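In: Model the following, please.
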Amino acid sequence: MKRMLFLIIFLFILAGFAFINLGYWLSAPASTPIPADLIVSLGGDGGERGQMAAILYKTGYAKKILLTGMDGRQVSTQRHYLNSRTQFLLDQGVPIESLIFDDQASNTHQEAINIAALLQKNHWQGVLVVSDPPHIRRLDYALRPVFKKAGLHYQLIQSDVPTWHADRWWQDERWAQFCAKEVVKLVYYAFAYNNQ
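Out: Numbers count the residues shown, from 1 in each chain. Modelled structure (predicted):
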């Protein structure tokens, strides 16, 4: 009986520790930027990823920016350069010829494949991939096998989101939902893409 009680208490403490540190764990694979051939600003953000991509570009880390998650359903008169994400980068001084667009990927796994293919097509080796802090773990999980197989290199860069706090992620509704979804998606990725 005492052993069972001890085990229950231990598991409860372990679960509490995991809960409190989830924000740190999800964002842990992030690193500092190094010079690369390409900066990638992943789609699905509130603008912070684009801001970080602009900073990296203006600081000279790479001469090209790839925007993923572009709407491929736009009519021909609404080219990607009319997109608000593109317009933001243009307003930041990034020339249109430095922008590349991907409207084919619909999830992080497909983005990893498309980014690697673009690097290989252009004989590039390294990329800086920008995303929100709690997305970094799954992004690393998606990129690692694809890039290892292709012999390519990547650095994961966190966007600067003022409302993100790894030590209290559960206190903000947006980030609580985001983190919960990331855990579910990580479990799905483990089963769906484990052998790829």
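
In: C-alpha from now on. contacts and neighbour counts both.
Out: Noted.

In: Beta-bridge partners for the residue nearest the centre of the chain, please?
Out: Computing the C-alpha centroid of the chain and ranking residues by C-alpha atoms, centre = their mean puts residue 131 first, at 3.3 Å. Beta-bridge pairing for residue 131 (DSSP bridges): residue 158.

In: got the contact list for it?
Out: Residues counted as contacts of residue 131 (C-alpha atoms under 8 Å, 6 or more residues apart in numbering) are 41-42, 45, 49, 156-159.

In: Between the two ends of stretch 35-50, what distance do you get?
Out: Using C-alpha to C-alpha, to the nearest Å, the span of stretch 35-50 from its first residue to its last is 18 Å.

In: If you count neighbours, what's buried in that stretch?
Out: Neighbour-count burial for stretch 35-50, counted by 16 or more other C-alpha atoms under 10 Å, picks out 35-43, 47-50.

In: Check the secondary structure at residue 39 for me.
Out: strand (DSSP: H, G, I helix; E, B strand; the rest coil).

In: Next, give me the two most distant ones among the contacts of residue 131.
Out: Greatest spacing in the contacts of residue 131, by C-alpha to C-alpha: 45 and 156 (15.5 Å).

In: And the contacts of stretch 104-112?
Out: For stretch 104-112, contacts defined as C-alpha under 8 Å, 6+ apart pick out 68-70, 72, 114, 139, 142-143, 146-147.

In: Pull the distance from that stretch to the chain's centre.
Out: Remark: stretch 104-112 is offset 11 Å from the chain centroid, using C-alpha atoms, centre = their mean, to the nearest Å.

In: and it, what's its mean pLDDT?
Out: Mean pLDDT, computed over stretch 104-112, is 89.

In: Stretch 63-77 now?
Out: Mean predicted confidence for stretch 63-77 is 71.

In: same check, this time on stretch 186-196
Out: Stretch 186-196 shows an average pLDDT of 77 in the prediction.

In: now the strands: where do they sit in this structure?
Out: When assigned using DSSP state E, the strands of the chain occupy the ranges 38-41, 65-67, 99-101, 126-131, 153-158.
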